[in-house]
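S.K.: Sequence plus the predicted model coming up.
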Amino acid sequence: MIRFIEANEEATNIMDSIIDEHFPELKDATIKILFDTKKRTYGDKIVLGRMSSTNDLVRRLTDDLSEEGCDYVMYLDQIAFENIPEKDKIRLIRHELRHCRVTVGSESIKYGIIPHDIEDFAQEVKLNSDDVDWAKRAVALASDIYAQMEEDAKEKKQVRKLNRRNV
């Protein structure tokens, strides 16, 4: 199974509207969104999303998006994204876009990554003051779904084992 797949149109549309509203400096950046089809963890928490700037290889592999290739790749946990409410999808993508740093020089634009200024971003804390636990809830939901998927896989394996014995 391929680990990373193209994100759906919903994710791209959400990102575009967030850039229009909050991140005018990213209007000229090319951002590819990929769904991560496998559970990624950091410590004991599921990673809902991550953002990375690109290198020459990734730019070459994404030159179908623009002449120069993409400037960033946003990775979103597919299970989480497909199961959280739209408001949380917006929060997740907006959070990931906060990691983007655009530096305009006299002859070029450089794209980089900014780490969190607190566990989240101070600006995101303000914007999410109506629901400060949205990310914990999204992680819990994804964890439950992954646990059920693992349980289903174990049961399926046991059934196959029994079927082979009975043949």
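M.R.: Nice, I can see it. Numbers count the residues shown, from 1 in each chain.

S.K.: Every contact and neighbour count from this point should use C-alpha atoms.
M.R.: Fine.

S.K.: for the residue found closest to Arg94 once you drop the neighbours it is linked to in the chain, phi and psi?
M.R.: The shortest distance from Arg94 to any non-neighbouring residue, by CA to CA, 6 or more residues apart in numbering, is to Ile18 (6.5 Å). Backbone torsions for Ile18, taken as degrees, to the nearest 10, come to phi -70, psi -40.

S.K.: what's the neighbour count on Ile18?
M.R.: A count of nearby residues for Ile18, using other CA atoms under 10 Å, gives 17.

S.K.: Please tell me how far stretch 129-139 is from the chain's geometric centre.
M.R.: Its chain's C-alpha centre and that of stretch 129-139 lie 16 Å apart, by CA atoms, centre = their mean, to the nearest Å.

S.K.: what does stretch 78-98 give?
M.R.: Taking mean C-alpha positions (CA atoms, centre = their mean), stretch 78-98 and its chain are 8 Å apart.

S.K.: which of the residues in that stretch are buried?
M.R.: By neighbour count on 16 or more other CA atoms under 10 Å, the buried set for stretch 78-98 is 78-82, 84, 88-98.

S.K.: ok, now stretch 14-24?
M.R.: Result for stretch 14-24 [16+ other CA under 10 Å]: buried residues 14-16, 18-19.

S.K.: just checking, which of these belong to helices?
M.R.: Among the buried residues of stretch 14-24, the residues falling in helices (DSSP state H) are 14-16, 18-19.

S.K.: what about the chain, any weak spots by pLDDT?
M.R.: Applying pLDDT under 70 to the chain flags residues 118, 167.

S.K.: show me the residues around the most centrally placed residue in it that make contact.
M.R.: By CA atoms, centre = their mean, the mean C-alpha position of the chain lies nearest to Leu76, the distance being 2.0 Å. By CA atoms under 8 Å, 6 or more residues apart in numbering, the contact list for Leu76 reads 33-36, 48-50.
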